[in-house]
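Visitor: Got a sequence here, can you model it:
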Amino acid sequence: MLIRAFAVLLATTCGAYADNLPALFDVTGVASDDTLNVRTRPMGGANIIGTLAYDAKGIEVIEEQSNWGRVNVDGGTGWASMKFLKMQPQSSLPEAQNLRCFGTEPFWSLNITQGETAVLSTPEGSDRGFIVGSLQAASARPEPYAIQGAGQGENITVVVSKEICSDGMSDNLFGLDGTVVIGGYLTEVLSGCCTVQVD
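Guide: Presented below is the predicted three-dimensional model:
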């Protein structure tokens, strides 16, 4: 009986989507003349720091606590009620088709479409393209995930873990930690955050 009660408590605290986050959600069940409040803490009485439109789509929820989801809004992070958020199918790892990884010092971004391409952009140079495969999970473990590819005279490996990540430049938080290794004439290692993206 005690074990069952603990399991119910754990499910309530972690939420129904915890194992699938981060993922993309659409706002649902909000009247067209209303908005979904985003609060400082996962509770109804907490201060409102922003809102989501009644028809907002592709909102990334990075973690869940007591049926509240952490989202980014207005340059910061807060909590929205999961009662008004519906998960998009195949929008979490490893099924999510599109990922964006990015970092600072140096600034870089990598846009990935699984099974197709990855494009690395930096302020200093032209974009570099790679043909990539699909995300693969670690052997006998649910994560991290890795994706590999090849470009002109160089290879790329991206390793992604489900971990709360800060970009170091804003108050936003992200649900994935990413490391990019590029090998060719020189070896480059880039570290930053990743997000799932709308198709």
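
Visitor: hmm, which helix or strand of the chain has the shakiest average pLDDT?
Guide: Ranking every helix and strand in the chain by mean pLDDT, DSSP states H and E puts helix 2-14 at the bottom, with a mean of 41.

Visitor: Dump the next helix-or-strand element following that one to CSV, restricted to CA.
Guide: Counting by DSSP states H and E, the next helix or strand C-terminal to helix 2-14 is strand 23-27. Only the C-alpha atoms of strand 23-27 are listed here, as CSV (Å, rounded to 0.1, in the frame of the first residue of the first chain):
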residue,chain,number,x,y,z
ALA,A,23,8.6,18.5,-26.4
LEU,A,24,6.4,20.8,-28.3
PHE,A,25,2.9,21.7,-27.2
ASP,A,26,-0.1,23.7,-28.5
VAL,A,27,-2.3,25.8,-26.3
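
Visitor: who does strand 23-27 pair up with?
Guide: The strands that strand 23-27 pairs with in its sheet are strand 59-61 (antiparallel), strand 85-87 (antiparallel) (by DSSP bridges).

Visitor: if you average pLDDT over it, what comes out?
Guide: Averaging pLDDT along strand 23-27 gives 98.

Visitor: do stretch 163-170 as well
Guide: Averaged across stretch 163-170, pLDDT comes to 91.

Visitor: Any chance of the strands paired with strand 23-27 in a markdown table with distance to A118, mean pLDDT and mean neighbour count as columns?
Guide: (C-beta placed from N, C-alpha, C; glycine too.) As requested, the strands paired with strand 23-27 are exported to a markdown table (distance: least, C-beta to C-beta, whole Å; pLDDT from 0 to 100; neighbours: other C-beta atoms under 10 Å):
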| stretch | distance to A118 | mean pLDDT | mean neighbour count |
| --- | --- | --- | --- |
| strand 59-61 | 19 | 97 | 23 |
| strand 85-87 | 25 | 97 | 19 |
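
Visitor: Just put these in a markdown table and tack on distance to E154.
Guide: Listed next are the strands paired with strand 23-27 as a markdown table, based on distance: least, C-beta to C-beta, whole Å:
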| stretch | distance to E154 |
| --- | --- |
| strand 59-61 | 30 |
| strand 85-87 | 36 |
